[in-house]
Each structure stands twice: as structure tokens, then as C-alpha cells.
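Q: predicted model and sequence below, questions to follow.
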Protein chains: 2
Amino acid sequence: MKTVLAELLTIGDEILYGQIVDTNAQWMATALSQAGIKVIRKTTVGDQEDEILTAFAEAEKRADIVLITGGLGPTSDDMTKPCLAKYFGCELAIHPEALAEVTEFFKSRGRELTEVNRQQAALPVCCEKVTNAVGTAPGMWFSRQGKVFVSMPGVPHEMKRMMTDLVVPKLKATFPTPTIHHHVIRTVGIGESFLAEKIADWERSLPLHIKLAYLPSLGEVKLRLTGIGSSRELLQAETDQLVEVLKTRVGQFIYGYGESPLEVVLGRTLQASNLTLAVAESCTGGYLSHLITSVAGSSAYFLGSIIPYAYDIKMRQLGVRPETLERYGAVSEETIREMANLVRAKFNTDIGVATSGIAGPGGATPEKPVGTVWIAYSDKYQTVTRKLQLSTERDLNIRLASIASLNLIRQSLPK
Amino acid sequence: MKTVLAELLTIGDEILYGQIVDTNAQWMATALSQAGIKVIRKTTVGDQEDEILTAFAEAEKRADIVLITGGLGPTSDDMTKPCLAKYFGCELAIHPEALAEVTEFFKSRGRELTEVNRQQAALPVCCEKVTNAVGTAPGMWFSRQGKVFVSMPGVPHEMKRMMTDLVVPKLKATFPTPTIHHHVIRTVGIGESFLAEKIADWERSLPLHIKLAYLPSLGEVKLRLTGIGSSRELLQAETDQLVEVLKTRVGQFIYGYGESPLEVVLGRTLQASNLTLAVAESCTGGYLSHLITSVAGSSAYFLGSIIPYAYDIKMRQLGVRPETLERYGAVSEETIREMANLVRAKFNTDIGVATSGIAGPGGATPEKPVGTVWIAYSDKYQTVTRKLQLSTERDLNIRLASIASLNLIRQSLPK
């Protein structure tokens, strides 16, 4: 089977000027390679017609599929649409369905449709519209002599939604791609190199048609097994068996499989076991609660939080004992223990969780350098505390401490 | 003066597979545009000789300067060096000075020089070595018929050091570069298309050497004026004057200039005016507090938050009157008004802010569809409420409502 080749083309001066990082291209490259499509080149050009047209022609020569992002905004510096019309030799005209969608989009937000917005519904007549479910600029699908061009908005969440729901499925239907089976194993609480050491011989034992990739991201490491073959059932059986062996090695670090992040998996567990949760977070400043409430339906188990950021708010709003704070300080095992127990009692939940630390850059002492964080879990059976020594970066400390807190809940829940 | 054109070429399969984001290119683009060199294209190709050689030839046709990163490691899949030797038609040979440097590099770390490492000192004889002060792979500088190719390591800190100390100064000495001045104006609370309509004639009035770009991101739109000329002072004066006119049109939407996001600008204002802040956030679930506390030093003005996620927590922990909740519901002007006033009183701060809404996907009613959000600001002079009709996406609603709340504070602060 011939490998299907794709090129990614990003359009926008702001990327060439270095004003934004092009994260879309990475996301798209991952999505395509998971669909069995090989990305052979990534190109970024500015908002100039000649540059864009040349890039179209070059890409069409090399690839079967050309995915374009950016330059679809309503403003005059957005060139993609007129260039596509010119390249494929057809006129721009208001697309009735697109107009209806953009009109509805504004109506649903109680806003007037301006002439500028109206022009977003103007599409080259030789393309198929690709619906933008979460924005005003529709995507465009062109095919010519077996090659496909797809143009999508540069706004990440609009592009991702369009890729996932419409573009990738349609590409798979249009091009013959091999059967690729991915099995993603999600781990938390162990670093990439330690994980690699623990499973080195397991990794060596993998058959040639099944490849392993380490996908480290903030606070966790995903393992992706990718099998290439003809039968999905067979590949699935093979990877399932390999995962069973993996569990015997690093089972305690595996929190889930596939797409669901830790906060979603944990949420399911809490809901299934009818447990409620309350949070008292200081150094994480709301990010832990945000992770928990980013999950749809989290109100079923999450009752609320207190963020006692200021020293005396820890006493006045949460009820931490002044003696504890004076004697041990806000960043201490004694304080974090009280915080977790107090928030559980105050909110009358099954579980209380607390964080307190030095996120940085300020607030450090010789004994408590930036990155020193205490976290605690409390239920009616036990209170578990843990000390973390994280990084020197404020943002990193906030995120890592929040993920570590979710993991502490996962590990401490009543069995 | 002819504009000096540059292309960025990144070499590496790992980028095409989406395993890493190419952040080097953004950093280099910024460095070049500050040096008055115009980046016209960014390309990424894999570790295949033919792909690399084609990319070299294409780039040489278009640009005066080609900056290459990646593919310089000691391993066999690193193709850049042999490809450069082939492209410029010369042999690889051990470069005595480079060998001395790499030997010293290992010696200083008490490590043995392996044959593999020794080969890192082999360079095409037709290039000038560019010293790598912090790594083992030297850079390479090629010139031919007035065009320059520079190859640098892909390791970010090695590339940055090489660019800053050696490559950029040498490029400026080699090519006559104009002065480029960027002026970024940050707006919030108005969509790109509405902004574009309000300033259409101002945009038309811009002189040819000053270009305008719209940079929309979640909840805000940045405007970037880019002036090209010979005198930085003159360009600065021109853009400053243009911004003065802009202020008379859309001044109420402008919250700042340059690099600082809304939460940072707002934080400076609060700190400068000695005002303290407390938050009661329901539908935003911690994200608003996270934005506020993501700013280093925010403890100077942010005292804390309550996240009364569950209905009865709004009463028990915050003190919202049961009658209000029963009569008007949690997502209502009456409730949000109480929440903002109550959290300000409870935490004894100058300002109280509150959010309550239907983030979705659940919880909607015919009168209150997903995306209906109330936000409120309270100080001792006034309580301001605002109703938002946002999107159907939970995550988007959480982020947009949080940004809108920061903007409400900005607009409502005692003058």
C-alpha cells in the first residue's frame, strides 16, 4: 500500500515575526501520523499572495494532502481565501449555508452580523465547505486530480474540532491508509528515564510491527504502542497482551488508558464510588480546582474550594490554628494536615485535599527554597501528607503540585 | 535599502511526527526581525538527504540568509553535515580548532573523548567554524555568491548562545539591514471584526512603511504596528503618534502595550493603588483565581477565593440568601450581586469579584442556555454586574468568563 503523504502549511506574518509559536502544526502532525498519513514537510509563509501561491504549487507537487491553517480571519491582512480561489481558478461567492451558520453564531451570542462577518461566508465556489462548529470562519475542502487541499482556521480550538470531527475522518475515507492501532498507557508519578529503566527488557521484547513511543508531558508520561498491520482485531489482541505484562512491572503508576487525562479518570472513580471532594489550595492558587472542574459533570463530586492565599485568611476563613502557623509556618506538614482536615469538615465532604508551598520567585527561605510544596489528603480513615521539591519556575510549580495532588487522591482513596 | 530576506530550516523527523514543538524557529524569527532581517519562510523537513538537499536549493533561490537547526548530533540519523558538504561540494575533514574545543569540552567534564564525539569536529572544509560555547557540535558558516548558510545545533540553549554571541552580529556586519520597530497594542472586550470596523479608516491612513496586523487570541485581540525605516527614534515617534489617534477611537478597549497580558497589567494597577481583591467563582471553577495568581507577587493584592461550586455551599460557605437562590436561581443578577458583595465582606478586601453561569454541557434551561454567565464587581462605591452569552464549549466558557471578569475589574476600578 502506497504511503499517503501530507504537508502542513501555516500562513501568517505573526509566526514569521516570531510573535506566536505554531503549536497547531505539532497537533496536526500527531493526528495525521495516528491516522497512518506521513507528514513530509511543514512550511510557514507570510500573508503575501505570491509567497502563498508558490507554497501551494510546491506542496501540491510533493504531497497527496495539503493542510493549511491561518489567514482566514475577517481582516484585510488575511490572504488565504482569495489565494485559494485564485489557485483553484474560481470565484468567491456567499455560501448560503455558511451565511446561515455565521448568522446563527452571532445571533446565539446576541450580536449583530456586520458586513465584515458576512464576508466570512464568502467561499470559493469550487470548494466544499467544512463546518466550523465553534467559530465564524468555515473551513474549505478542495480536490483536484487525486490531491486534496484543506484550509482551516488558525485558532487552535477551532482547527482541532474541525480536524477531529470532519477532516481526519474524510481523509481516511478518501485515501487508502494501513490499519494502525494505537494503545496509549497513561502513567503519573514516575519520570521518563526511571520508567524506561523499569521496562527496558519489556521494550526489547516488542515485535517489529509494534513500536513504543514515550510521550512525556507535564507531570506525566504516556506510553504509546503503535501496531501496523491489516487486522485491527489482531493488533488489539497483541497490544492488550503486552499491556498485561506492562502492568506487572509498573502497574502502580498507570492511572488510565487512551485519551482521558488524570482529572477525568479520577472524576469517574469519585462519581462511581459516591465520594465528594473539597479543596483548600494556597500555592496552587486555583489551578487544582480548575483541573477538577474542567471535567464536565464534576459538580457531582466536587463541592467547592477555599483558596486561603493570604496568611491570615488561612486562619480566618479556613480555621488553621494560629499556633500551628506561628510554630511551623504556612508551608509545613502540620499546617497542610490541618488544612486538609478543616476543608473536609467545613464543606462536609468525604475527602479534603490541600496544597501549600513556595511557588516562587519570592517567599523562599534557606530551609524552604522555591519549589518546596506540601500537599495533603484527608478522609475519615486517614490523613496522608507529602512533601514535594519541585522546580524554580512559578508556573511549573503550580501545575506540577496540582497534578501531584490529583495523584495523591488517586492513591489514597478508600479501596 | 533592499530588504534582507532569511529562511529558517529545521531538520528532524521528530518534529514532523509531532513529537516535539519547534520553539527554536520562533526564537530565531524574533531575533532576526529585531535585527531588521525579514523572515520569509520557515520549513521543516525530515532526516532524508534528498529532502534536505531540495530544501537547501529552494531556500537559496529565495533568501539571502538560510539558518539551519538540527541534525548535527553524533548519531547516524543526523544528516545535516554530510548534506551541507555535498551541497557546497567539499570534503569533511577534522577541524583542528574544533577538535581542540570538543576535547576540552569533555575534559572539563571529566569524560573521555569517544570516536563518535571526535567526528563532531569533522567539518566541511569550505565552511567557517562557528564556535559552540556550551556544547559539542560546532556551527558552520557558508557563503557563496553573496548568500549565507548557517548551520546550528537544535539544542535550544546552544543555538541561542551561538545566535546571540556570533551569528546575529556577523549577519549584521555582512548585510545592510534597516531598522524595524514593532509596537503592540493589547485590547480586550471587543472582537476582531468589530475592532476592524471601528478603525478601518485609521488603518487606511497608515503610511506605506508602517503595517498593521491583527493578532487575535483567546478573549483578546492584539494590534501590531510594524514600521520599517532607518531611524528607530523616527519610527517610534510615528507609531506613538498613530497610537494616540487609535486611543481616541478604541481607547476603552486598550488595556496595555507590549508583552504583558491582562492579569499582569491589572496586577500592577492593583498593587500601585494599594487595593486588595477577593474572588467568589462558581462556573469558572478556579480558573479566574489561577489567572490572578499566575502573576509573581500577586499575594500583594490577592487575598483569596471561595469556590462555592455546589448550590448549598453558596449559602453555607459564602452566605448567599436562600430566598435569592430559590427565587432567582444561582445564575442570576441577584445572586451574582450578593456573591461579589459577600466575598468582599468575608475577606475584608477593597474589591470582590464573582462569577456564576452554565459552563455546560449540563445544567442548561430554555431561559439559561449553555454559555449564560453572570459576573459581578463590588467595591465600597458600587456593584457592577454583567451578563455574558458565551459559547457551547465548557473549556472556552470557563476561560472567556475569567478574562471577562478581569476586564470588568479593569473597567470598574475606582478612578
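A: On my side now, so go ahead. Residues are numbered from 1 along each chain as shown, chains lettered A, B, ... in the order given.
Q: tell me where the stretch 101-250 of chain A has strands.
A: Using DSSP state E, counting those that start in this stretch, the strands assigned to the stretch 101-250 of chain A run over residues A:122-124, A:128-130, A:139-144, A:147-152, A:179-188, A:210-217, A:220-229.
Q: the stretch 251-400 of chain A too?
A: Under DSSP E, counting those that start in this stretch, the stretch 251-400 of chain A gives strands at A:254-257, A:277-281, A:302-307, A:351-357, A:372-378, A:383-389.
Q: packing partners for the shortest one?
A: Put plainly, it is strand A:254-257. strand A:179-188, helix A:232-250, helix A:262-272 (3 or more Cβ pairs under 8 Å, 6 or more residues apart in numbering or on different chains; DSSP states H and E). (Each C-beta comes from the backbone N, C-alpha and C, glycine too.)
Q: now do the shortest one: distance to the chain's middle.
A: What it means is strand A:179-188. 16 Å (Cα atoms, centre = their mean, to the nearest Å).
Q: given it, what are its sheet partners and their directions?
A: Strands that pair with strand A:179-188, judged by DSSP bridges, come out as strand A:220-229 (antiparallel), strand A:254-257 (antiparallel).
Q: now the last one: buried residues?
A: If I follow you right, that is strand A:254-257. A:Ile254, A:Tyr255, A:Gly256 (16 or more other Cβ atoms under 10 Å in any protein chain shown).
Q: and if you look at the longest one?
A: By 16+ other Cβ under 10 Å, the buried positions in strand A:220-229 come out as A:Glu220, A:Val221, A:Lys222, A:Leu223, A:Arg224, A:Leu225, A:Thr226, A:Gly227.
Q: can I get the CA coordinates of that strand in PDB?
A: Output in PDB follows, covering the C-alpha atoms of strand A:220-229 (Å, rounded to 0.1, in the frame of the first residue of the first chain):
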ATOM      1  CA  GLU A 220       3.000  12.500  33.400                       C
ATOM      2  CA  VAL A 221       4.500  10.100  30.900                       C
ATOM      3  CA  LYS A 222       2.300   8.500  28.200                       C
ATOM      4  CA  LEU A 223       3.400   5.300  26.600                       C
ATOM      5  CA  ARG A 224       2.100   4.700  23.100                       C
ATOM      6  CA  LEU A 225       2.200   1.300  21.400                       C
ATOM      7  CA  THR A 226       1.600   1.600  17.700                       C
ATOM      8  CA  GLY A 227       0.900  -1.500  15.700                       C
ATOM      9  CA  ILE A 228       0.800  -1.500  11.900                       C
ATOM     10  CA  GLY A 229      -0.900  -4.400  10.100                       C
END
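Q: these two touch, right, A:Tyr377 and A:Thr383?
A: Yes. Contact criterion Cβ atoms under 8 Å: A:Tyr377 and A:Thr383 qualify, at 7.0 Å.
Q: kindly reformat the buried residues of strand A:220-229 as JSON lines containing pLDDT and distance to B:Glu14.
A: Below are the buried residues of strand A:220-229 laid out as JSON lines (pLDDT from 0 to 100; distance: Cβ to Cβ, whole Å):
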{"residue": "A:Glu220", "pLDDT": "92", "distance to B:Glu14": "19"}
{"residue": "A:Val221", "pLDDT": "91", "distance to B:Glu14": "16"}
{"residue": "A:Lys222", "pLDDT": "91", "distance to B:Glu14": "16"}
{"residue": "A:Leu223", "pLDDT": "93", "distance to B:Glu14": "17"}
{"residue": "A:Arg224", "pLDDT": "88", "distance to B:Glu14": "14"}
{"residue": "A:Leu225", "pLDDT": "92", "distance to B:Glu14": "18"}
{"residue": "A:Thr226", "pLDDT": "87", "distance to B:Glu14": "15"}
{"residue": "A:Gly227", "pLDDT": "89", "distance to B:Glu14": "21"}
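Q: which member of those is positioned nearest A:Leu291?
A: Of all the buried residues of strand A:220-229, A:Glu220 has the smallest distance to A:Leu291: 12.3 Å, by Cβ to Cβ.
Q: look up how far A:Val167 lies from A:Phe149.
A: Separation of A:Phe149 from A:Val167 (Cβ to Cβ, to the nearest Å) stands at 11 Å.
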